[in-house]
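Colleague: Quick one: sequence plus predicted model below, questions after.
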Amino acid sequence: MDPTLLLIDEILTKTLASNEKEECEKQGKWSELPSLPLEKIYSFLGREDQVNMSLVCRSWSVGYGSPSVWKKFRFYLTKTQVSLDACPVMKLVHKYSSMFRHVEIKSTCVYIWLMKKSCRFLVEFLQILTIKTQLTSVKFLYFANFLWRLDKPTYNNICRQIVDFLASQRNLKRVEFYLCVFNFQECVEILQKLTENSQSFRTSFEMRTRILNRTQMLRKNCLCSQTFPA
């Protein structure tokens, strides 16, 4: 073999080996990142990116389970997630819910064919919070999008789960309902549970919504359907 080619091959081999060694050293340094900056990085990422980051190395996987990563949790299921038999978000909830302190529950998709599964996941989530979690704050957002569409037994079940959840909480300092449609009776029960759990009622409670009659909402929807047929 040509001596020149042998020399070139040797140089390339050494260069590749050097690059691989340098890359390994870099990875080693990243894996030694202290827990505080690691948790800061996690806090700026969405859940999907957090999962990907946790797969980089063992120390990052351990950091993913840190309480600071799960202190705030937003429960909002996409159409794709609701369509799955085993929702990946619910797996995370089962595993890390005891670390939740501030939770935001946003109304999920309102596709009629997914309504039943959406309600099932919501009820399951509330039941897990009731059993495993003591929150500092909770927000219920945009429930008007789907509550009034439900049949009475399903609506009553969801309201009962919300009341049971609030009754289980002892550390709540802020509760917010934004654009949620409840009947008067459910609003009374919610207020009752909040006052029962706070002797001096220091809890900041905000209910920025009109108390509407669900029957009236259903009638309005029926009239719209008759006026503008599909």
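Modeller: Ah, there it is. Residues are numbered from 1 along each chain as shown.
Colleague: What is the neighbour count of residue 167?
Modeller: The number of residues packed near residue 167 is 16, by other CB atoms under 10 Å. In short, each C-beta sits where N, CA and C put it, glycine included.
Colleague: Sticking with it, tell me its helix or strand.
Modeller: According to DSSP states H and E, residue 167 maps onto helix 152-168.
Colleague: ok and the following helix or strand past that helix relative to helix 152-168, angle-wise?
Modeller: Downstream of helix 152-168, the next assigned helix or strand under DSSP H and E is strand 174-178. Between the axes of strand 174-178 and helix 152-168, defined by axes from the mean of the first three to the mean of the last three CA atoms, to 10 degrees, the angle is 160 degrees.
Colleague: thinking again about what came up before, same for the helix holding residue 167, what does it pack against?
Modeller: Helix 152-168 is packed against helix 115-132, helix 184-196, with contacts defined by 3 or more CB pairs under 8 Å, 6 or more residues apart in numbering; DSSP states H and E.
Colleague: the inter-axis angle of that helix versus helix 115-132?
Modeller: Using the same axes, to 10 degrees: helix 152-168 against helix 115-132 is 20 degrees.
Colleague: Buried by neighbour count: which residues of helix 152-168 qualify?
Modeller: By neighbour count with 16 or more other CB atoms under 10 Å, helix 152-168 contains the buried residues 154-155, 157-159, 161-163, 165-168.
Colleague: I'd like the distance from it to the chain centre, please.
Modeller: For helix 152-168, the separation from the chain centroid amounts to 19 Å (computed by CA atoms, centre = their mean, to the nearest Å).
Colleague: got the angle for it vs helix 184-196?
Modeller: Put simply, helix 152-168 runs at 10 degrees to helix 184-196, going by the same axes, to 10 degrees.
Colleague: contacting residues for the most centrally placed residue in the chain?
Modeller: In the chain, the residue lying closest to the centroid (CA atoms, centre = their mean) is residue 75, at 2.7 Å. Applying CB atoms under 8 Å, 6 or more residues apart in numbering to residue 75 gives the contacts 89, 93, 103-106, 125.
Colleague: let's see 7 Å
Modeller: Each residue near residue 75 by CB atoms under 7 Å, 6 or more residues apart in numbering is listed here: 103-106, 125.
Colleague: can you put those residues in JSON lines and add neighbour count?
Modeller: As requested, those are exported to JSON lines (neighbours: other CB atoms under 10 Å):
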{"residue": "103", "neighbour count": "20"}
{"residue": "104", "neighbour count": "16"}
{"residue": "105", "neighbour count": "22"}
{"residue": "106", "neighbour count": "15"}
{"residue": "125", "neighbour count": "23"}
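Colleague: want to throw those residues into CSV with distance to residue 43 and secondary structure?
Modeller: Converted to CSV, those look like this (distance: CB to CB, whole Å; DSSP: H, G, I helix; E, B strand; the rest coil):
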residue, distance to residue 43, secondary structure
103, 16, strand
104, 15, strand
105, 20, strand
106, 20, strand
125, 22, helix
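Colleague: Go through those and name the one with the lowest pLDDT.
Modeller: Summarising pLDDT for the contacts of residue 75: the lowest-scoring member is residue 106, with 91.
Colleague: The residue lying closest to that one once chain neighbours are set aside - how many residues pack around it?
Modeller: Among residues not flanking residue 106 along the chain, residue 76 sits closest, at 4.1 Å (CB to CB, 6 or more residues apart in numbering). Residue 76 has 14 neighbours, counted by other CB under 10 Å.
Colleague: Pretty sure residue 107 is one of the things residue 76 touches, is it not?
Modeller: No. The pair residue 76 / residue 107 is not scored as a contact, 8.1 Å apart, by CB atoms under 7 Å.
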